[in-house]
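Engineer: curious how this folds, go ahead:
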Amino acid sequence: SGGDANAVYFTAGIPGPDNGNHGLLGRLQAAPIVTATNVVNGASFQPAIAPNTWVTITGGNLSGTTRVWGSNDFLNSALPTDIDSVSVTLNGTYAYVEYVSPGQLNVLLPVGLASGQAQLQTYNFGLASTAVTVQVQDVAPAFFLQSDGKHIAATHADGSLIGPTTATGVTPATTPAAPGETIVLYGTGFGVTNPAAPEGKLITTALPLATLPTITFGAAAGQVAFAGLTYAGLYQINVTIPASTASGDVPVVALVGSTASPGTAVIAVQ
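Structural biologist: Model (predicted):
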């Protein structure tokens, strides 16, 4: 139940000298299996990764448990590099592990990771996957999406979720954004901040991006009021939608230098 379908589990137990219940739980499994094509941006699920970016890794035998990080995994605000004996390295440097399961890992890449080719390996109770080569970019901007896979995870100023108008009683309720409204977008991979983000630590104060991204709604650029880190690997962008934006699902693209986010993300406007 919740275990790895590719592993064999066994139990054994006998009463101890204190007449209490004593037992043993064991697992037999092979080493983790990972391919380079299964290492993707955690927001866009495209093969574009960068320093301080959330990354999703899929494969086999990745973990014997399924869970996200909890308060007990943090020590002095340091992000965990190991959850239930599962870890990930790039060129020998540990990434920060947020979610583990037999078939998927979610990790945050180190702030100081160099761009270029990197050798990635995953570990599960001391068993190592074959090293795979991944390409690390300077930036890899992407917006987090809602469960429909196309609408951006965005909110109104009051924190309510932006999306197509939902029927009464549907949770979570969503409403479209309005032309000229200032909204909040969330993404990853937007680059360095000033001051610089701490390596492997929780973010306690918002850190502005060193260079503001350009955010376009259709063909028109919005006015970016703030862009920066507000949580580990999570970038918040406060932007005003151009007043000329037409109603409907409007494509939204972030441009950081010459690197653009995937053009498939949309926001509902009315």
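
Engineer: any low-confidence regions in this protein?
Structural biologist: 1-3, 16, 167-170 (pLDDT under 70).

Engineer: center of it - which residue?
Structural biologist: residue 54 (3.5 Å; C-alpha atoms, centre = their mean).

Engineer: who's it bridged to?
Structural biologist: Residue 54 has the following beta-bridge partners by DSSP bridges: residue 108.

Engineer: for it, give me its contacts.
Structural biologist: By C-beta atoms under 8 Å, 6 or more residues apart in numbering, the contact set of residue 54 is 41-43, 98, 106-108, 188-189, 233-234. Backbone N, C-alpha and C define where each C-beta goes, glycine included.

Engineer: now do residue 249
Structural biologist: 150-151, 164, 266-269.

Engineer: from these, pick the one nearest residue 246.
Structural biologist: Of all those, residue 269 has the smallest distance to residue 246: 7.2 Å, by C-beta to C-beta.

Engineer: residue 194 reaches residue 227, doesn't it?
Structural biologist: No: contact between residue 194 and residue 227 fails when scored by C-beta atoms under 8 Å: they sit 11.5 Å apart.

Engineer: show me where the stretch 51-200 of the chain has helices.
Structural biologist: Counting by DSSP state H, counting those that start in this stretch, one finds no helices in the stretch 51-200 of the chain.

Engineer: so what's residue 4 closest to, chain neighbours aside?
Structural biologist: residue 102 (3.7 Å; C-beta to C-beta, 6 or more residues apart in numbering).

Engineer: where do the strands sit along the stretch 151-270 of the chain?
Structural biologist: 154-155, 182-188, 207-208, 214-217, 220-221, 223-231, 234-240, 248-256, 259-260, 266-269 (DSSP state E, counting those that start in this stretch).

Engineer: dump those into CSV; add distance to residue 88 as well.
Structural biologist: CSV is the format used below for the strands of the stretch 151-270 of the chain (distance: least, C-beta to C-beta, whole Å):
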stretch, distance to residue 88
strand 154-155, 29
strand 182-188, 16
strand 207-208, 24
strand 214-217, 31
strand 220-221, 37
strand 223-231, 20
strand 234-240, 19
strand 248-256, 25
strand 259-260, 24
strand 266-269, 32
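
Engineer: buried set for stretch 40-53?
Structural biologist: When burial is assessed from 16 or more other C-beta atoms under 10 Å, stretch 40-53 yields the following buried residues: 40-44, 48-53.

Engineer: out of those, which sit inside strands?
Structural biologist: Residues of these located in strands (DSSP state E): 40-41.

Engineer: quick check, nearest of the buried residues of stretch 40-53 to residue 86?
Structural biologist: Lowest distance from residue 86 to the buried residues of stretch 40-53 (C-beta to C-beta) belongs to residue 42, with 16.3 Å.
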